[in-house]
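**Q** model the following, please.
(2 chains)
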There are 2 protein chains.
Amino acid sequence: MDQKAEALNRFRAAEEKSKAIAYATSILFWDASTGAPKSGAEARSRSIGTLSGFEYEMLVNDQMKQDLELLSEQLDTLEEIDRRRVINVKKAYDRLMKIPQDEYERFSALTSKSATIWEEAKEASDFERFKPYLEEIVGYLQKFTEYWEVKGNPYDAFIDQYEEGMTAEKLDVFFGTLKEMLVPLIQKVNQKKDSIDDSFLRRHYPTQDQAKLSVDMLDRIGYDRARGMFKESVHPFTMGVDIDDVRLTTHYYENDLRSALLSSVHEGGHALYEQNIDRSLQGTSLATGASLGIHESQSRLFENNLFKSRSFLSFYYPKVKETFEAQLSDVDFESFYAGLNRSVPSLIRTEADELTYCLHIMVRYEIEVGLLNSTLRVEDLPQIWKEKMASYLGVVPENDAEGVLQDVHWSEGMFGYFPTYAIGSALAAQLEHALRKEVDVDACLSRGDFAPIKAWLGEKVHRFGALKTPEEVVLYATGEPLNPRYYGAYLTKKYSELYGLD
Amino acid sequence: MDQKAEALNRFRAAEEKSKAIAYATSILFWDASTGAPKSGAEARSRSIGTLSGFEYEMLVNDQMKQDLELLSEQLDTLEEIDRRRVINVKKAYDRLMKIPQDEYERFSALTSKSATIWEEAKEASDFERFKPYLEEIVGYLQKFTEYWEVKGNPYDAFIDQYEEGMTAEKLDVFFGTLKEMLVPLIQKVNQKKDSIDDSFLRRHYPTQDQAKLSVDMLDRIGYDRARGMFKESVHPFTMGVDIDDVRLTTHYYENDLRSALLSSVHEGGHALYEQNIDRSLQGTSLATGASLGIHESQSRLFENNLFKSRSFLSFYYPKVKETFEAQLSDVDFESFYAGLNRSVPSLIRTEADELTYCLHIMVRYEIEVGLLNSTLRVEDLPQIWKEKMASYLGVVPENDAEGVLQDVHWSEGMFGYFPTYAIGSALAAQLEHALRKEVDVDACLSRGDFAPIKAWLGEKVHRFGALKTPEEVVLYATGEPLNPRYYGAYLTKKYSELYGLD
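**A** Numbers count the residues shown, from 1 in each chain, chains lettered A, B, ... in the order given. Just a heads-up that it's a prediction; the model follows:
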């Protein structure tokens, strides 16, 4: 066997082992989220710590370094799957190696500590307590970009981790377009916000009936329950540990018809993606989504564009009403459709509706870019937050807990993550547009038939897993790069009609 | 730091890491047994394979070899916990190292294959198919005992893995006593077997009501549900991944009142043990039972000696009857007590009652000893099986599936395992005898109060985990070595009374 073949074999084996360890870590997380006793947390974290150590050793060692160098020089001679795997691992490897190990360890210790501090600060609604930690985190991140010798905007190095190929320059255009299209629309909608009543959504809806509807929806969209599990957890999530083992959760609130059902459909969109990746990628690190944004496009497409559409609800509302006869006896279809889609600017991102959601992200994006480029100071964040919220959404938080402290991400050092949510929402609309060229979506939805939609997504998006870059996936599926105008147009049409705007 | 302290630190770290890996493997097993999709089996087995590899590397390497040698020379200078850990690991290490690696791998491959063959052979009730595999397995085991340079009976090397300090010589006496005391008793009971009717146990008992009783019983005996989980699985089991995370399962049959409830109490006995190990052992390999036999004594004590006792059932049967009012309306206390304790010699070990169970084990023990000592031939097993069953239990299997092929153990190379079941049953009676000297057991049970019993077991058995040897535990708790006469006497008294024997 020649040197290259040997290096490739070692590389594949190491990467598959690392995937096998990640499998165990995921199951431990699943276990913890779906009923494991709190008292076992310490034993679990000892185990996860040990497993991460092995995962690290598996990929970071001299042999791997040599193999990666040799394979990277011969990328063109590798098969597609191996090529992509080598590129990904080399990138992660270089990124890690360029940071002095002791510095990386101090950073890890800091983010672990600061997540706890953030929790306390949020509880007390006291940004001052979190401030020094966030300053230190930003300092580290800026230093990292020096080690990485980032050319251009330092932000690029962070967004690229979650959304390969994305840059601040592209995001400026992306958010600029959304701002231009959505801010005036939201203002108009906001003036008529009282024209829609959604109070019926907060009547009493027993958990078991909500669960029945959730399962029914998962079956409808084509989630294969035999190759997964569906349970309840505090925060809904999807976890694909293998193409043949894709699990998801929802969370039930007895006084909220919307939350669990929409979460189920949302997570179902993620799960469809993971279940329908091509089998040639099974067991490799490519058996996952192309990026967080692409993944999110699948969940948002099902949750917003499909489920909450007039076509689908015209089919499905009678079934919901059958389940909740007493609760919905006085609610006709138009009221239900309007209530479910009602838009009201609010303070909390995770509770935001489809129309206002991306502006919450924009606030965070602009702050992240400002901090990393030192054009904003951490100490000014509470004030800046208020100004941006007022300007984009017309609402202002009264305290830090419902303002700048509301999300955990920054305390964990996760910069560049937020935009993937907005990318997902926008891409969902772009995908819907492309889908409608080939499939009669309204006809399908109004008979409750997701099969042609699932098939189209499987062909255009799902099967590639992480074999293609996110940019390649978008181009292949829609014929053009990411374009937020579809999203702007989709929201304009939907909300103009809903609120009778001209 | 001196050499010894360094070796000790490395040893502790390695052992704790190995425990952390075992934690993950256990959770994967729990996940697989309590609802994970079958389709995910391959990904799971890849992960388990990788984890075992790490666990092996953690304990089997040159550094560990040196450290173990150094520490073993200075055992007397170590603290009790470290001393015991070093002794255990050194023993396992030597055992493994003395077998040439390629031979051990061939043996592992063989047992993995033969477990599948056994399944097919059992399905077809065809011992011939399994025979060559069992012959090969016995051949390997005999060879292993040569590598280990076993003095005396080769059987000792196998039972010692599960029950440290136990030997064939001691077991011959143990089973000899039981045979002498039980075979005539069983014959007498068998003559009156139709005097007790237990058909009411097979009426329709809805799962959810059975589950309520199971949970109620777990609460009563003192299992702390906040530090564990209770679920359903195909085969009931207990899994202590940590002192603060001890899980157990049962299995419900709608047409059997006995199975799930007794399994719950049985597993509850195991779980109490794991939950009440002293905290000084938490996270070490000693946070487990002293041996399989000691562990089984805890489950059998709760299942047989306590739950199925006249004292406890006089308290509990009214509660069972409240739950199953319609099903048990025509069953009075005496009938219930008798039905639950009815003894009928049967062919299948796992379905055997308290009185006949140990004789099933004796059959297996005698065959294992005969095979390892080459005084029996594999090809003669079906015939020998029938003869022994006829002689001890008065029943004869019509085919191999309900005879020699019924258990999986031998196909996995597990020789020396079976006797631990009998040791557990016998020890339960010996413990009950000792317990009664200090606690008024009947008074406790007849008011449904397990607290004093749990406290006694915690003090005498549970807290030591695997810090003491099984022999030390028995001596400490009962004041004498394992003595099967207590078991013989317990059964004689109980069954003489039940069947009106003189």
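**Q** quick one, what contacts whichever residue of the stretch 1-150 of chain A sits closest to chain B?
**A** As assessed by CB to the nearest CB, chain B sits closest to A:Gly40 within the stretch 1-150 of chain A, at 3.0 Å. For every residue, glycine as well, the C-beta is placed using N, CA and C. Applying CB atoms under 8 Å, 6 or more residues apart in numbering or on different chains to A:Gly40 gives the contacts B:Arg227, B:Val241, B:Asp242, B:Asp244, B:Asp245.
**Q** can you pick out the most distant pair from those?
**A** Using CB to CB, the two most remote members of the contacts of A:Gly40 are B:Arg227 and B:Val241, lying 11.0 Å apart.
**Q** spell out which residues of chain A are next to chain B.
**A** Within reach of chain B by CB under 8 Å from any CB of the partner chain, chain A has these residues: A:16-17, A:20-21, A:23-25, A:27-28, A:30-31, A:35-40, A:42-44, A:46-47, A:49-51, A:53-54, A:226-229, A:241-242, A:244-245, A:283.
**Q** B:Arg227 and B:Val241: which is more packed in?
**A** B:Val241 (26 against 19; other CB atoms under 10 Å in any protein chain shown).
**Q** surely that one and A:Ala43 touch.
**A** Yes: B:Val241 is within contact range of A:Ala43, at 6.1 Å (criterion: CB atoms under 8 Å).
**Q** OK, contacts around the residue nearest to A:Arg349 when sequence neighbours are not counted?
**A** Sequence neighbours aside, A:His360 is the residue nearest to A:Arg349 in space, at 4.1 Å (criterion: CB to CB, 6 or more residues apart in numbering or on different chains). Counting by CB under 8 Å, 6+ apart, A:His360 touches A:Arg349, A:Ala352, A:Leu393.
**Q** cool, and A:Ala32?
**A** Counted by CB under 8 Å, 6+ apart, A:Ala32 has contacts A:Ala41, A:Arg44.
**Q** burial count for A:Tyr476?
**A** Other residues within reach of A:Tyr476, judged by other CB under 10 Å, total 13.
**Q** what strand or helix carries it?
**A** Counting by DSSP states H and E, the element that carries A:Tyr476 is helix A:470-478.
**Q** now do that helix: distance to the chain's middle.
**A** 18 Å (CA atoms, centre = their mean, to the nearest Å).
**Q** can you pull up the most central residue in chain A?
**A** Taking CA atoms, centre = their mean, the centroid of chain A lies closest to A:Glu296, which sits 4.5 Å from it.
**Q** backbone dihedrals for A:Pro154, please?
**A** phi -60, psi -20 (degrees, to the nearest 10).
**Q** residue contacts, it?
**A** Going by CB under 8 Å, 6+ apart, the list of residues near A:Pro154 reads A:Leu141, A:Gln142, A:Thr145, A:Leu372, A:Asn373.
**Q** give me the buried entries from the residues you listed.
**A** By neighbour count, with 16 or more other CB atoms under 10 Å in any protein chain shown, those hold A:Leu141, A:Thr145, A:Leu372 as buried.
**Q** what is the neighbour count of the closest residue to A:Pro100 other than its chain neighbours?
**A** Using CB to CB, 6+ apart and skipping the chain neighbours, the partner closest in space to A:Pro100 is A:Tyr147 (7.8 Å). Residues near A:Tyr147, counting by other CB under 10 Å, number 15.
**Q** show me the contacts for A:Tyr147.
**A** Per CB under 8 Å, 6+ apart, neighbours of A:Tyr147: A:Lys98, A:Ile99, A:Pro100.
**Q** which one (most neighbours) among those?
**A** Going by other CB under 10 Å, A:Ile99 tops these with 16 neighbours.
**Q** average model confidence for stretch A:55-72?
**A** Averaging pLDDT along stretch A:55-72 yields 93.
**Q** tell me the spacing between the residue nearest to A:Arg349 and chain B.
**A** According to CB to the nearest CB, to the nearest Å, A:His360 and chain B sit 36 Å apart.
**Q** for the residue of the stretch 201-350 of chain A found nearest chain B, give me the pLDDT.
**A** The minimum distance from the stretch 201-350 of chain A to chain B, using CB to the nearest CB, falls at A:Asp245 (3.0 Å). Per-residue pLDDT puts A:Asp245 at 97.
**Q** wouldn't it be in contact with B:Ser39 here?
**A** Yes: between A:Asp245 and B:Ser39 there is a contact under CB under 8 Å: 6.4 Å.
**Q** neighbour count winner among these two?
**A** Shown here are A:Asp245 and B:Ser39; by other CB under 10 Å, A:Asp245 has more neighbours (27 against 17).
**Q** for that one, give me its contacts.
**A** Contacts of A:Asp245 (CB under 8 Å, 6+ apart): A:Arg227, A:Gly228, B:Ala36, B:Pro37, B:Ser39, B:Gly40, B:Ala43, B:Arg44.
**Q** let's go with 6 Å and repeat that
**A** A:Asp245 makes contact with B:Pro37, B:Gly40, B:Ala43 under the criterion CB atoms under 6 Å, 6 or more residues apart in numbering or on different chains.
**Q** how close does the residue nearest to the second one when sequence neighbours are not counted sit to B:Asn399?
**A** To tie it back to what came earlier, the one meant is B:Gly40. Using CB to CB, 6+ apart and skipping residues adjacent in sequence, the residue nearest B:Gly40 is A:Asp245, 3.0 Å away. Computed as CB to CB, to the nearest Å, the A:Asp245 to B:Asn399 distance reads 38 Å.
**Q** what of A:Val246?
**A** Taking CB to CB, one finds A:Val246 at 43 Å from B:Asn399.
**Q** would you check that A:Ala14 makes contact with A:Met58?
**A** Yes: look at A:Ala14 against A:Met58 with CB atoms under 6 Å: they come within range, at 5.3 Å.
**Q** you'd agree A:Val241 is in a strand?
**A** Yes: using DSSP: H, G, I helix; E, B strand; the rest coil, the secondary structure at A:Val241 is a strand.
**Q** show me the contacts for A:Trp456.
**A** Here A:Trp456 is in contact with A:Leu435, A:Val439 (CB under 6 Å, 6+ apart).
**Q** swap that for A:Val461, sorry
**A** With contact set as CB under 6 Å, 6+ apart, A:Val461 has these partners: A:Val473, A:Ala477.
**Q** let's go with 10 Å and repeat that
**A** Counting by CB atoms under 10 Å, 6 or more residues apart in numbering or on different chains, A:Val461 makes contact with A:272-273, A:276-277, A:289-290, A:294-295, A:297-298, A:301, A:427, A:431, A:468, A:473-474, A:476-478.
**Q** kindly report the same for A:Val215.
**A** A:Tyr223, A:Arg225, A:Phe230, A:Thr250, A:Ser264.
**Q** now swap in A:Trp148 and tell me
**A** A:Asp94, A:Arg95, A:Lys98, A:Ile99, A:Pro154, A:Asp156, A:Ala157.
**Q** now the helices for the stretch 51-200 of chain A?
**A** For the stretch 51-200 of chain A, the helices defined by DSSP state H, counting those that start in this stretch cover A:62-73, A:80-97, A:101-124, A:127-147, A:156-162, A:168-191.
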